[in-house]
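Peer 1: Any chance you could fold what I've pasted below:
(one chain, ligands or ions: 2)
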Amino acid sequence: MVLDSSFESITLRQPDDWHLHLRDGAVLAAVVGMTSRVFRRAIVMPNLSPPIKSVDAARTYRQRILDVVPKGDAFSPLMTAYLTDDLSPDELELGQREGVFTAAKLYPANSTTNSTEGVTDIRAIDSVLETMESIGLPLLVHGEVADPDVDIFDREAVFIDRYLIPLLNRFPELRVVLEHITTEQAVQFVESSLSPLAATITPHHLQINRNAMFAGGLRSDFYCLPVAKRERHRIALRRAATSGKPCFFLGTDSAPHVRGAKQSTCGCAGIFNAPCAIESYAEVFEEEGALQRLEAFASEFGPSFYGLPLNEKKITLKRNDCVVPSLIEVQNTDKCFEHILPYHSGETLRWSLCEDV
Ligand code: NCD
Ligand code: ZN
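Peer 2: Ligands and ions are numbered 1, 2, ... in the order given. Purely as a prediction, here's the structure:
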């Protein structure tokens with residue numbers, strides 16, 4: 001990585017996004033280019049409606065993504081399988097053998113957006129986890145209990161104690177990513193674990209705490225799951241992301257929802273940060289005096305965990321103001337327009353991607 005002496009530009013190996021929601025249809029077409037302008041690969045989450053549960057479904061979804069990647073962008077979607085109570089281990093094995101599945105995602109049933117078909121009893125899928133451990137297919141975990149009796153701000157910490165620790169004990173060789181961590185308990189657990197365990201960290205959990213959802217009124221645009229926590233947790237996440245520890249790497253959890261779905265009596269969880277993800281991470285690393293560690297977090301630790309090659313191409317970020325679009329337009333099949341409000345909508349950020357490298 002090259003950081004110029006006056007800190008005016010950073011050239012780094014092209015990054016990957018290890019946690020991304022692309023959706024399908026008109027939304028997919030509207031958002032994919034915002035990821036492919038920066039990232040070479042992305043782990044694509046399978047929580048469509050219906051979810052991606054078979055090799056065939058993942059293969060055709062991958063093709064639909066590739067069909068709408070803007071010309072000139074080299075972008076490889078890495079597909080994931082959605083675990084259910086009855087997904088067969090053979091399907092995962094087949095998907096891995098055929099180069100379709102890079103990982104499988106565990107959503108505790110009813111824990112987040114489109115998770116109703118998720119796993120109702122984690123102990124009941126041990127045969128699937130055993131296969132994944134033996135074939136080396138990583139398990140990606142939405143680490144929150146769905147138990148309504150547990151306070152929403154405690155659901156990640158409770159998940160670690162109640163389910164993750166026993167799971168890692170049962171499958172000591174299973175490669176596990178605890179996705180989008182939000183608490184100091186998760187940071188401490190991941191960094192001290194002896195298992196092949198890593199965690200992704202989003203830009204928004206590095207930048208906002210739970211006050212953002214209630215600043216001057218109810219702000220559904222800052223509502224995502226796991227929900228942002230107290231300031232103490234945000235500080236722990238910033239320390240983890242900028243620590244240079246290989247167990248923490250980039251995963252945006254960019255999760256687009258049209259405005260009508262966010263702003264309703266039961267608004268959807270998800271923050272759409274693809275238009276400004278790398279720029280937001282750069283701000284955080286700069287504020288923490290850790291720009292020299294951005295490349296490892298964004299471009300090296302993820303591929304090493306997944307056993308994939310590092311990207312060859314470089315990107316350059318320059319210290320130039322960059323204005324985040326206020327709204328992203330989505331054109332539906334009936335030619336109606338809907339809008340997605342991006343994270344940092346209309347704000348000016350300090351770093352911008354230099355397009356001509
Ligand atoms: C995600 C989505 O919208 O699909 N929402 C979110 O708040 N992060 C699902 C998820 O990753 O939990
Ligand atoms: Zn997600």
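Peer 1: distance of residue 100 from residue 44?
Peer 2: With distances taken as CB to CB, to the nearest Å, residue 100 is found 11 Å from residue 44. To be clear about C-beta, it is placed using only N, CA and C from the backbone, and glycine gets the same treatment.
Peer 1: intersection of neighbour lists for those two?
Peer 2: Overlap between the contact sets of residue 100 and residue 44, as judged by CB atoms under 8 Å, 6 or more residues apart in numbering, is given by 62, 79.
Peer 1: Which of the two has more residues huddled nearby?
Peer 2: For residue 100 versus residue 44, neighbours defined as other CB atoms under 10 Å are more numerous around residue 44 (27 against 21).
Peer 1: Output the set of residues of the stretch 151-300 of the chain in proximity to ligand 1.
Peer 2: With CB under 6 Å from any ligand atom as the criterion, the stretch 151-300 of the chain meets ligand 1 at residues 224, 225, 253, 255, 269, 270.
Peer 1: my read: the fourth one touches residue 262, true?
Peer 2: No - distance between residue 255 and residue 262: 10.2 Å, which falls outside the contact criterion (CB atoms under 8 Å).
Peer 1: For the chain, give me the ranges with low pLDDT.
Peer 2: The model of the chain has pLDDT under 70 over residues 356-357.
Peer 1: Pull out the buried residues from the helix or strand encompassing residue 330.
Peer 2: Secondary structure assigned from DSSP states H and E places residue 330 in strand 328-331. For strand 328-331, burial by neighbour count (16 or more other CB atoms under 10 Å) applies to 328, 330.
Peer 1: List the first helix or strand encountered after it toward the C-terminus.
Peer 2: Next helix or strand after strand 328-331 toward the C-terminus (DSSP H and E): strand 337-340.
Peer 1: Tell me the strands beside that next one, with direction?
Peer 2: Sheet pairing of strand 337-340 (DSSP bridges) gives strand 328-331 (antiparallel).
Peer 1: Name the residues that touch the strand it pairs with?
Peer 2: Contacts of strand 328-331 with the rest of the structure, by CB under 8 Å, 6+ apart, involve 26-27, 30-31, 34, 256, 258, 272, 275, 337-342.
Peer 1: neighbour-wise, which of these leads?
Peer 2: For the contacts of strand 328-331, counting by other CB under 10 Å, the largest number of neighbours falls to residue 272: 28 neighbours.
Peer 1: Identify the spatial nearest neighbour of residue 174, chain neighbours not counted.
Peer 2: Once flanking residues are discounted, residue 174 sits nearest to residue 133: 4.1 Å by CB to CB, 6 or more residues apart in numbering.
Peer 1: who touches that neighbour in this structure?
Peer 2: 171, 173, 174.
Peer 1: Recalculate using a threshold of 10 Å.
Peer 2: Contacts of residue 133 were listed using CB atoms under 10 Å, 6 or more residues apart in numbering, and they are 139, 170, 171, 172, 173, 174, 175, 176, 196.
Peer 1: Show me the helices in the stretch 101-250 of the chain, by range?
Peer 2: In the stretch 101-250 of the chain, the segments counted as helices under DSSP state H, counting those that start in this stretch are 126-135, 155-159, 165-170, 184-192, 203-207, 231-241.
Peer 1: Then the stretch 251-357 of the chain?
Peer 2: Along the stretch 251-357 of the chain, counting by DSSP H, counting those that start in this stretch, helices occupy 259-262, 277-287, 294-295, 301-306.
Peer 1: Determine which stretch of those is the most buried.
Peer 2: Here the criterion is mean neighbour count by mean count of other CB atoms under 10 Å, and of these the winner is helix 294-295, at a mean of 24.
Peer 1: what's next to it, contact-wise?
Peer 2: Among residues not part of helix 294-295, those counted as contacts by CB under 10 Å, 6+ apart are 1-3, 10-15, 241-242, 250, 278, 281-282, 284-286, 288, 301, 310, 314-315, 317, 351.
Peer 1: Surely residue 317 and residue 282 touch.
Peer 2: Yes - using CB atoms under 10 Å, residue 317 is in contact with residue 282, at 5.4 Å.
Peer 1: what touches both of those two?
Peer 2: Shared contacts of residue 317 and residue 282 (CB under 10 Å, 6+ apart): 10, 12, 291, 294, 350, 351, 352, 353.
Peer 1: Compare those and tell me which is most surrounded.
Peer 2: Of these, residue 294 is surrounded by the most neighbours, 26 neighbours in total, counting by other CB under 10 Å.
Peer 1: measure that residue to ligand 1 for me?
Peer 2: Taking CB to the nearest ligand atom, to the nearest Å as the measure, residue 294 and ligand 1 are separated by 23 Å.
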